[in-house]
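In: sequence and predicted structure, then a few things I'm wondering about:
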Amino acid sequence: MTARMSPKSMKNKEKYRRMRRPCKIVCVLYCVFVTSLYIIIFYEDTNSIRNIDIELYNSEKPYVTYFTNVTFSSQNEKKVAIWTTFFRSHSWLNQINAVFSGCVHKCRAVDASGVASSDAILFHYQRNDLNVQRLPKRNPDQIWIIYLLEPTTYIERNIEQLNGLFNWTMSYRKDSSVLAPYGSFVKRKVKPTFKPPLKRRHFAFAVFSRCNDNGKRYRIVKELQKYIDVDIYGSCGHKKCDTKTQGCLSTEKAQNYLFRLSFENTHCKDYVTEKLWFSLKQGVIPVVNWAKEQQETRVNSSHVINLYDFATLKDLANYLKSLAVNETLYKSYFSWRDYLDVETSHFHSFCSLCEKLHHHTMQRQVYSDLNGWVSNDICPRYRFVQTITSWIDRWVLFPVGL
């Protein structure tokens with residue numbers, strides 16, 4: 001004889017059945033999403049990567065077209081019109097003029113109203129700054145300069161629409177018309193402050209604002225934290241910066257640490273940012289993650305420690321530990337500070353621009369294939385699918401140990 005279910009049991013069973021229904025729907029939708037995402041990723045990787053590799057290493061393509069019989073003005077002072085904002089700010093006009101005031105040659109930056117009478121026009125390449133639908137009228141006697149700070153991997157816009165527009169490039173890349181690195185060495189004028197390593201209370205710190213990056217810095221740091229203490233500052237860390245003008249930490253606070261993990265968020269040609277230069281300026285040994293063609297040639301193994309010089313991250317950690325207790329060896333990384341200082345401003349290279357504007361015998365040129373020049377890099381161009389895979393790696397796989 002079959003036992004009859006009580007009304008209460010039947011009610012609970014019905015409630016359980018209703019709860020399962022939305023869970024099934026969510027599971028099905030999740031599976032469809034993950035499967036679709038996998039198909040997109042698989043398709044992109046198998047069909048596009050080979051073409052990208054061919055484009056990356058093709059350095060024979062003529063990106064620049066040269067012209068003859070072009071006259072240059074011989075004015076004592078060169079005017080540079082600032083057409084765009086700089087990360088939505090107009091303040092860079094005054095900052096550029098501050099640099100120009102100390103240059104050997106005379107140059108002056110003016111706002112967009114002075115375009116017609118300017119020798120050159122400066123454009124900052126950033127999607128919130130440069131509007132390609134709103135450009136000044138082209139004067140063939142003017143030099144148009146595109147100022148690039150972002151690495152190739154993170155340039156989202158289709159640059160083909162800029163082909164044939166710009167005469168000069170100004171960026172951190174050594175093959176730019178005007179080299180504009182994130183930092184530079186200058187002659188020292190003031191004796192540096194330096195806290196002995198044995199008096200520094202903390203081991204290492206890092207400053208990260210891009211949390212899911214192509215360099216996968218979060219994975220490297222997590223592995224290193226098995227062997228050494230690392231404090232993480234910025235929007236991706238558990239500690240807050242105490243200043244915005246010195247790379248997150250004041251010199252006094254930075255010198256409480258022995259090392260800074262100055263890891264770049266991607267591996268592009270010549271891409272070395274303020275993370276290196278602030279570390280050098282503040283007297284903290286930088287630990288870097290540079291690929292071969294990314295390395296800053298003005299520094300060497302007596303200035304920085306490259307993690308790729310070690311077989312494993314454990315070997316790197318052991319070397320850092322040995323430095324921490326060897327004051328003589330630690331101080332040897334800063335012997336250059338007795339006669340050199342570090343300039344960390346984005347605009348310190350504008351004297352180089354001013355000097356080049358005064359070269360009257362220089363041949364006129366235009367970047368007829370700016371897209372090709374940008375793509376000729378050791379890192380791939382921006383792809384939306386790469387953004388998705390990077391996000392999944394950081395926020396889905398990494399937290400669960402995959």
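Out: Structure received.

In: rest of the way, CA atoms for contacts and neighbours
Out: OK.

In: might one say that residue 267 is in contact with residue 217?
Out: No. Counting by C-alpha atoms under 8 Å, residue 267 stays clear of residue 217, with 11.3 Å between them.

In: now the helices for the stretch 301-402 of the chain?
Out: Per DSSP state H, counting those that start in this stretch, the stretch 301-402 of the chain carries helices over the ranges 313-324, 327-332, 350-357, 370-375, 384-392.

In: please disregard the earlier target; I meant the stretch 51-200 of the chain.
Out: Using DSSP H, counting those that start in this stretch, helices in the stretch 51-200 of the chain cover 92-100.

In: out of residue 267 and residue 217, which sits in the more crowded spot?
Out: For the pair residue 267 and residue 217, the greater number of neighbours falls to residue 267 (25 against 22), based on other C-alpha atoms under 10 Å.

In: find the nearest non-adjacent residue to residue 313, please.
Out: Using C-alpha to C-alpha, 6 or more residues apart in numbering and skipping residues adjacent in sequence, the residue nearest residue 313 is residue 224, 6.3 Å away.

In: residues contacting the one you found?
Out: Applying C-alpha atoms under 8 Å, 6 or more residues apart in numbering, we find residue 224 in contact with 230, 313-314, 317.

In: chain center to stretch 217-232: distance?
Out: In this view, stretch 217-232 has its centroid 20 Å away from the chain centroid, taken as C-alpha atoms, centre = their mean, to the nearest Å.

In: now do the end-to-end distance for that stretch.
Out: 11 Å (C-alpha to C-alpha, to the nearest Å).

In: give me the mean pLDDT for it.
Out: The average pLDDT for stretch 217-232 rounds to 96.

In: closest to residue 185 out of the helices of the stretch 301-402 of the chain?
Out: Closest to residue 185 of those is helix 350-357 (C-alpha to C-alpha; 14.5 Å).

In: just the angle between the closest one and helix 92-100, please?
Out: 80 degrees (axes from the mean of the first three to the mean of the last three C-alpha atoms, to 10 degrees).

In: what's in contact with helix 350-357?
Out: With C-alpha under 8 Å, 6+ apart as the criterion, helix 350-357 contacts 78, 96, 99-100, 102-107, 178-180.

In: buried subset of those residues?
Out: 78, 96, 99-100, 103, 105-107, 178-180 (16 or more other C-alpha atoms under 10 Å).

In: can you lay out the residues you listed as TSV showing pLDDT and distance to residue 239?
Out: Formatted as TSV, these follow (pLDDT from 0 to 100; distance: C-alpha to C-alpha, whole Å):
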residue	pLDDT	distance to residue 239
78	96	46
96	97	33
99	96	34
100	97	37
103	96	40
105	95	44
106	96	44
107	97	42
178	96	37
179	96	34
180	96	31
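
In: many thanks, I have nothing further to ask.
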